[in-house]
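curious how this folds, go ahead:
(one chain, ligands or ions: 1)
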Amino acid sequence: MTDLERRQDRSPVPSGWDYAPAPEARDIVTLEERYGLYVGGDLVEPRSGEYFPTLDPSREEPLAEVAQAGKEDVDLAVRAARDAFENGWSDISPAERAKYLFRIARILQERSREFAVLESLNGGKPIRESRDVDLPLSAAHFFYYAGWADKLEYAFPHRRPKPIGVAGQIIPWNFPLLMLAWKVAPALAAGNTVVLKPAETTPLSALLFADVLRQAELPPGVVNIITGDGSTGAELVKNEGVDKIAFTGSTEVGKAIQRELAGTGKKLTLELGGKAANIIFDDAALDQAVEGIVNGIYFNQGHVCCAGSRLLVQESIYEPVIEKLKQRLRTLRVGDPLDKNTDVGAINSKQQLDKIKELVASGEEEGAEIYQPPCRLPEKGYWFVPTVFTNVAQSYRIAQEEIFGPVLSVLTFRTPDEAVEKANNTPYGLSAGVWTEKGSRILSIAQRLRAGVIWANTYNRFDPTSPFGGYKESGFGREGGLHGLEPYLELDDSETRGG
Ligand code: NDP
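I've put the predicted structure just below:
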């Protein structure tokens, strides 16, 4: 045997198309050991004196400590925002306001790798998504609203648009920076100041954003960022110095906020949960539809309010669709969020993982059939295998409740009428998808679906120019587009009423 033959004998034989690890370097992010609150243009220690750790959910390791803002801290932040509103920000020229928004957009682009790594570290989402979706869209929101800042008179002709004052904004953990951009950009473009509360589990990108604000030389107090748990959010809602609340999160908390604000005169927009139907007709391009199903529910681990979590398949194509879907699921790579090959990252928190497990167990108990592809999960961290339930009845909890995880419930239908009826059979009304070759069918189905956003032959596409929001228990008010400016403006209706 020659030397070469001997060496080949010892070298590992590839067992298939495996991917070598492709980790993104994490040293582009410099973390502080401890973060204060961003109030009046400075990071300050919380008056509460309390801090809590924030984790990397893929390793269950602490990343840093962040401040727990109490009532006094919320007060200080609101006062800083009021002061900035009354002493400068609401009076500067709109073109000047636009300048700051353009600067923020450009800095986000310049620092996008740093932000993408931090977003994946703190939230568990795959770097491919934070890099290619969260960051470009966040910058695009600031660019888009920068363009409107000096054109409000044209956006709302004869309605004398004026800013409202101080906006209190409460955001969730599924798209931390993107939800910040959705809220902060239109508020500033309209001339308001802001107190923002990021979610307890994902505060770090908002705190890094404070550094972007300093770099952009935004006047102190125009944006204030207070970290904390739900009690901080509740204090912000109650605070009398706040003129408007914008909330994205669970329907339960949204309802509590609505009750709290009833009769106070404060403006409110709510972007809450969803249980979207993704409807596949028998004339759809099946391979594209299967990609759309996968993108609809496994994108961001299913932590998406508009996720296509209920798949409605026309009966005649049920078998090929399920077969193709299972095949595709076997190719999804679950694991390290910072690996550029990862499709499905970590579940955001233990609490969310427990909720997913509980709902999945209820699906099995109620009689649905579960499919999970073979998948080796990392030993530490919060993980859940991409899951499909077939044999699902409309009454099952997995067909009714928002799971907010990588779990799909499949139902079938025979006629377009049945599809519409089943799609609308939910307390929610945020989004839906329709897959068919026929343009006329898309239009007729879309008109009958009670959902704020409807995608045709695609899913989970976002654009700053396009309004987003729901009906029924998915909330009210729109974010994005021209509609997204309205909740941040006082508009004079006397002329449109003929006064
Ligand atoms: P929450 O609605 O509790 O959280 C959203 C935001 O509101 C967070 O910043 C949270 O703070 C804050 N908050 C919590 N309680 C209050 C309160 N009483 N007053 C004001 N603000 C408050 O969602 P969870 O994180 O608890 O997730 C629970 C479920 O909600 C998920 O399983 C999912 O089904 C759904 N959800 C839906 C989202 C959507 O976009 N539709 C987004 C997030 C969750 P903190 O994080 O500190 O608790």
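
from here on, just use CA atoms for contacts and neighbour counts.
Will do.

which residue does this protein bring closest to the ligand?
Distance from the ligand to each residue of the chain (C-alpha to the nearest ligand atom) is smallest for D229, at 2.9 Å.

so what's the residue count around that residue?
18 (other C-alpha atoms under 10 Å).

list the contacts for it?
For D229, the contacting residues are 68, 199-200, by C-alpha atoms under 8 Å, 6 or more residues apart in numbering.

repeat that with 10 Å
With contacts defined as C-alpha atoms under 10 Å, 6 or more residues apart in numbering, D229 is in contact with 52, 67-70, 197-201.

tell me how many other residues surround D27.
Neighbour tally, D27, other C-alpha under 10 Å: 9.

now L43: which helix or strand?
Here L43 sits within strand 42-44, counting by DSSP states H and E.

output whatever helix or strand comes next after that strand as CSV, nothing but the C-alphas.
Tracing the chain past strand 42-44, the next element assigned as helix or strand by DSSP H and E is strand 51-56. Provided in CSV are the C-alpha atoms of strand 51-56 (Å, rounded to 0.1, in the frame of the first residue of the first chain):
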residue,chain,number,x,y,z
TYR,A,51,-30.2,45.8,37.9
PHE,A,52,-30.9,42.5,36.3
PRO,A,53,-28.9,40.2,34.0
THR,A,54,-29.7,39.9,30.3
LEU,A,55,-28.9,36.5,28.7
ASP,A,56,-27.7,34.9,25.5
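
list the contacts of strand 51-56.
33-36, 45, 60-69, 118-124, 200-204, 227-229, 346, 348-349, 381-382.

at 7 Å instead, please
Applying C-alpha atoms under 7 Å, 6 or more residues apart in numbering, the external contacts of strand 51-56 come out as 61-68, 121-124, 201.

and that strand, average pLDDT?
The pLDDT scores in strand 51-56 average 98.

next SSE downstream of it?
Later in the chain than strand 51-56, the nearest helix or strand by DSSP H and E is strand 61-67.

what does the helix or strand following that next one contact?
Under the assignment DSSP H and E, the closest C-terminal helix or strand after strand 61-67 is helix 71-84. Applying C-alpha under 7 Å, 6+ apart, the contact partners of helix 71-84 are 39-40, 46-47, 166, 193-195, 220-224, 235-236, 241-242.

contact residues of the chain facing the ligand?
Taking C-alpha under 6 Å from any ligand atom as the contact definition, the chain meets the ligand at 170-173, 198-200, 228-231, 233-234, 248-250, 253, 272-273, 305, 352, 402-404.

can you do 5 Å?
171-172, 199-200, 229-230, 233-234, 249-250, 253, 272-273, 305, 404 (C-alpha under 5 Å from any ligand atom).

in helices, which of those residues fall?
230, 233-234, 253 (DSSP state H).

setting aside sequence neighbours, what's the nearest residue to the most centrally placed residue in the chain?
A centroid search over the chain (C-alpha atoms, centre = their mean) returns F175, at 3.6 Å, as the residue closest to the centre. Nearest residue to F175 in three dimensions, chain neighbours excluded: D134, at 7.0 Å (C-alpha to C-alpha, 6 or more residues apart in numbering).

which SS class is F462?
coil (DSSP: H, G, I helix; E, B strand; the rest coil).

do you know the pLDDT at it?
On the pLDDT scale, F462 gets 96.

find the nearest non-adjacent residue to it, please.
L137 is the one closest to F462 (C-alpha to C-alpha, 6+ apart), at 7.9 Å.

what's the neighbour count on the one you found?
20.

R448 too?
Quick note: R448 (other C-alpha under 10 Å) scores 13 neighbours.

L152 now?
21.

for it, what are its contacts?
Here L152 is in contact with P161 (C-alpha under 7 Å, 6+ apart).

before we move on, back to that, what about burial for the contacts of strand 51-56, which qualify?
Those of the contacts of strand 51-56 that meet the buried threshold are 63-68, 121-124, 201, by 16 or more other C-alpha atoms under 10 Å.

Throw those residues into CSV and include pLDDT, thanks.
What follows is the buried ones among the contacts of strand 51-56, written out as CSV (pLDDT from 0 to 100):
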residue, pLDDT
L63, 98
A64, 98
E65, 98
V66, 98
A67, 98
Q68, 98
L121, 98
N122, 98
G123, 98
G124, 98
T201, 98
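
most widely separated two among those residues?
The span of the buried ones among the contacts of strand 51-56, defined through C-alpha to C-alpha, is set by Q68 and G124 at 22.0 Å.

tell me the two of the residues of the chain next to the ligand that are most distant?
Going by C-alpha to C-alpha, the pair spanning those furthest: A234 and F404, at 22.7 Å.

of those two, which one has the most company?
F404 (25 against 16).

need the phi and psi values for that one.
The phi/psi pair for F404 (degrees, to the nearest 10) reads phi 60, psi 40.

quick one on the thing from earlier: buried among the ones in helices among the residues of the chain next to the ligand? Make that a PyMOL selection.
Burial among these is assessed by 16+ other C-alpha under 10 Å; the matching PyMOL selection reads:
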select buried, resi 233+234+253
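
quick check on the contacts of D229: which are buried?
52, 67-70, 197-201.

surely L359 and Y396 touch.
No: if you go by C-alpha atoms under 7 Å, L359 and Y396 don't touch, sitting 9.9 Å apart.

L268 belongs to a helix?
No: L268: not assigned to a helix; according to three-state DSSP it is strand.

need the nearest residue in space to it, chain neighbours excluded.
I245 (4.9 Å).

wait, isn't T227 in contact with V195?
No: counting by C-alpha under 7 Å, T227 sits too far from V195 to count as a contact (10.4 Å).

those two: which is more packed in?
T227 (32 against 28).

now do the contacts for that one.
Taking C-alpha under 7 Å, 6+ apart, one finds 37, 66-69, 197-198, 200, 203 in contact with T227.

can I assume F389 sits in a strand?
Yes: using three-state DSSP, the assignment for F389 is a strand.

and the pLDDT for it?
Reported pLDDT for F389: 98.

that one bridge partners, please.
I370, S409 (DSSP bridges).

what residues does it make contact with?
F389 touches 368-371, 408-410, counting by C-alpha under 7 Å, 6+ apart.

what do you get for V385?
With C-alpha under 7 Å, 6+ apart, V385 has these contacts: 372, 375.

among the buried ones among the contacts of D229, which pair sits farthest apart?
It's G70 and T201 that sit farthest apart of the buried ones among the contacts of D229, by C-alpha to C-alpha, at 17.0 Å.
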